[in-house]
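Engineer: make a model of this:
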Amino acid sequence: MSNFQQQVSKKFYYLIATCYMTAGIVDVIVGSVWPVIATSLRVDISLIGVLVMLSYIGSIATSPNTYKIRKKIGTNYTMVLSMLCFVVSLTIYIFAKTIYSLAIGMFVNGIGYGLLEVNVSSYVLKAYGIREEAILFSLWSLGSVIGSAIMAISISYFPSYQSGFGVLIGALLINIALLIRTKAKWVVERQSLPKELLELHSVTEEEKKIVVKVNDIIKNKKEVFVLICFFLVQGVVITLNTIASTILVTKGGINDNTAVSLVIIYFAALFFGRIVFGKFAEKSSVMKVIKINTILVIMLFILLYLSPNNKFIIFSILILTGFTASPLLPLFNASIKELFDIKFLSALLGYGDVCGVIGIIIISGLSTLIMKMTSINYVLLSFVLFMLIVYVLLRKIEQIKK
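Structural biologist: Reported below is the predicted structural model:
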């Protein structure tokens, strides 16, 4: 590529990265101020679990169909559509007077996230590479920290939590304007830009002809094994993120307020883990790094289970676990590119996201049940079992590949 072509590609990647970080901000804001919202709406604080589940259901509704939408309107406008969903959800949050209207907002937010994640990962893995995909997920983590900070400032210095939502709508509208401007610029310059560059920023004719059916996936063992891995890995990693503070309190004997502060360091470890292991995967092999990290995560879960109730030890192992487990999500997305024909990338990512979301719902619910009936230790043992299954499936996938 010429320097001009590289600059165009980089500029669009920066725009994508900004949109993805914004999605991370939007994705956590209701949860970050939920106690305040629950008091305002006069509802039980435990209903946050139902709202989060509705968001995931929204994601399931769009993820497997995102590749069909991309084929019709292209990468840019699919991103615009996802940003518009976030704007609508935030607007609903501002005017919500009942838990039911807030629930609709969460569902719409999930639709937007399903559109964005599959669309962006499909584009980035095709046009750029593994490291850039890992960086995107890191920026989502950074966005979640920024989102929490925005809402904290909003509550502290302004009359109500709604003002924070208004600021984010402004940021999203800027993203939409930049995406439309970029698309318009490509249309104007279409004659002067090489076909190679145009195909990077659009859906190719070959991709448009692809139709992936569930029946076809079920017949292919390799695809089934990969989708089961999506189910288990996303379920374990996301559940671990949600119970990190609980582990610090119950295993480490750390008080609630301190645990909340320490979780910020945990999420920082996720940010750096995705960048570091993304570089390793780019230089070696995605599947190799996934296998190594899976073994390390299993060992760390066992250490968490066996470790004494010591604050420093529990905190240190938890940070290492988050650092090691965090890159598995973007790397499994990248494994689709390594294992299958690139033209199936978008469709398979969509089905992978559906399996991952179902895994999050089931494994997080199962973990809650295990904690209520027994203790956090048995949750950690269940994580060991799930990750052992993942490792066995990875070996099977490699055998089929050979």
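Engineer: tell me which element residue 234 is part of?
Structural biologist: helix 221-250 (DSSP states H and E).
Engineer: and that helix, what's buried?
Structural biologist: Using 16 or more other CB atoms under 10 Å as the test for burial, helix 221-250 gives 222-223, 225-227, 229-241, 243-250. (C-beta placed from N, C-alpha, C; glycine too.)
Engineer: strands along this protein, start to end?
Structural biologist: In the chain, no strands are defined using DSSP state E.
Engineer: in it, which residue is closest to the centre?
Structural biologist: residue 137 (6.5 Å; CA atoms, centre = their mean).
Engineer: leaving out the residues flanking it, which one is nearest to that one?
Structural biologist: Leaving out its chain neighbours, the residue that sits closest to residue 137 by CB to CB, 6 or more residues apart in numbering is residue 330, at 4.2 Å.
Engineer: distance check, the one you found against residue 133.
Structural biologist: 5 Å (CB to CB, to the nearest Å).
Engineer: same question for residue 371.
Structural biologist: Here the criterion is CB to CB. By it, residue 371 lies 33 Å from residue 133.
Engineer: go on, residue 78?
Structural biologist: 17 Å.
Engineer: same question for residue 353.
Structural biologist: 14 Å.
Engineer: same deal with residue 153?
Structural biologist: Applying CB to CB to residue 153 and residue 133 gives a distance of 31 Å.
Engineer: the two - which one has more neighbours?
Structural biologist: Neighbour count, other CB atoms under 10 Å: between residue 153 and residue 133, residue 133 has more, with 26 against 13.
Engineer: doesn't residue 336 make contact with that one?
Structural biologist: No. The criterion here is CB atoms under 8 Å, and residue 133 misses it with residue 336 at 10.5 Å.
Engineer: quick one, helices of the stretch 51-200 of the chain?
Structural biologist: 66-95, 99-127, 130-157, 162-188, 195-200 (DSSP state H, counting those that start in this stretch).
Engineer: what does the stretch 251-400 of the chain give?
Structural biologist: Using DSSP H, counting those that start in this stretch, helices in the stretch 251-400 of the chain cover 256-283, 286-306, 311-325, 328-339, 345-373, 376-401.
Engineer: quick one: contacts of the fourth one?
Structural biologist: When you say that, I think you mean helix 328-339. Here helix 328-339 makes contact (CB atoms under 8 Å, 6 or more residues apart in numbering) with 121, 125-126, 130, 133-134, 136-137, 222, 226, 229-230, 233-234, 237, 274, 277-278, 281, 285-287, 289-290, 293-294, 297, 344-345, 348-349, 352, 356, 397, 401.
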